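In: Give me a model of this one.
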Amino acid sequence: MNLIDIIKEDYQKFPEDQTYAIYAENVHFKDPVYDFYGLKKYQEMIAFLRKWFSNLNLELHEINQIENQINTRWTMSWNSPLPWKPFISVSGRSELKLKDDLIVGHYDYWDCSFFDMIKQHFIFK
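Out: Residues are numbered from 1 along each chain as shown. This next block holds a predicted model:
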């Protein structure tokens, strides 16, 4: 199975049973919330999401590879652990930098600001 197929499968089952073997030991992860190095920290971040957020869904809209980079477009949604369980949805894109068939950099960019994501927690109907 090639890397694109593995990533597609991981998105479908996120956050369960992720294929950590496709990441370098010292992978750099950065998004509007996190910025760290290391596969262990990446695994801890996924475990945190799995523990605290319900109905996590990562929908893949597009994936392609250009030389040593895989690009994805996605929407991630979840219910936050507040008493009213607000539904949150963020769309964005990822740049996965490759070296020796391993992901050495995973950079997420959101289509909204961090503040706009936080505001979704307080919209009452």
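In: Next, residue 74: secondary structure please.
Out: Three-state call for residue 74 (DSSP: H, G, I helix; E, B strand; the rest coil): strand.
In: I figured it was touching residue 58, is that so?
Out: Yes - in this structure, residue 74 is within contact of residue 58 by CB atoms under 8 Å, at 5.9 Å. No exception for glycine: its C-beta is placed from N, CA and C like everyone else's.
In: Identify the contacts common to these two.
Out: Counting by CB atoms under 8 Å, 6 or more residues apart in numbering, the shared contacts of residue 74 and residue 58 are residue 11.
In: List the buried residues in stretch 88-100.
Out: Using 16 or more other CB atoms under 10 Å as the test for burial, stretch 88-100 gives 88, 90, 92, 94, 96-98.
In: now it, how far from the centre of its chain.
Out: Offset of stretch 88-100 from its chain centre (CA atoms, centre = their mean, to the nearest Å): 7 Å.
In: quick one: low-confidence ranges for the protein?
Out: 124-125 (pLDDT under 70).
In: Counting by contacts, list what the longest helix seen in the chain packs against.
Out: Longest among the helix segments of the chain by residue count, using DSSP state H, is helix 39-52. Contacts defined by 3 or more CB pairs under 8 Å, 6 or more residues apart in numbering; DSSP states H and E place helix 39-52 against strand 23-30.
In: in its sheet, what does the next helix or strand after the strand it packs on sit against?
Out: Note on strand 23-30: by DSSP states H and E, the next helix or strand toward the C-terminus is strand 35-37. Counting by DSSP bridges, the strands paired with strand 35-37 are strand 23-30 (antiparallel).
In: Go through the strand it pairs with and flag the buried ones.
Out: For strand 23-30, by 16+ other CB under 10 Å, it's 23-24, 27-29.
In: Just the C-alphas of the helix or strand residue 115 falls within, formatted as CSV.
Out: Secondary structure from DSSP H and E places residue 115 in helix 114-119. Below are the C-alpha coordinates for helix 114-119, written out as CSV (Å, rounded to 0.1, in the frame of the first residue of the first chain):
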residue,chain,number,x,y,z
PHE,A,114,-8.4,30.1,16.2
PHE,A,115,-10.8,32.7,17.7
ASP,A,116,-13.5,31.8,15.1
MET,A,117,-13.2,28.2,16.2
ILE,A,118,-13.5,29.2,19.9
LYS,A,119,-16.6,31.3,19.1
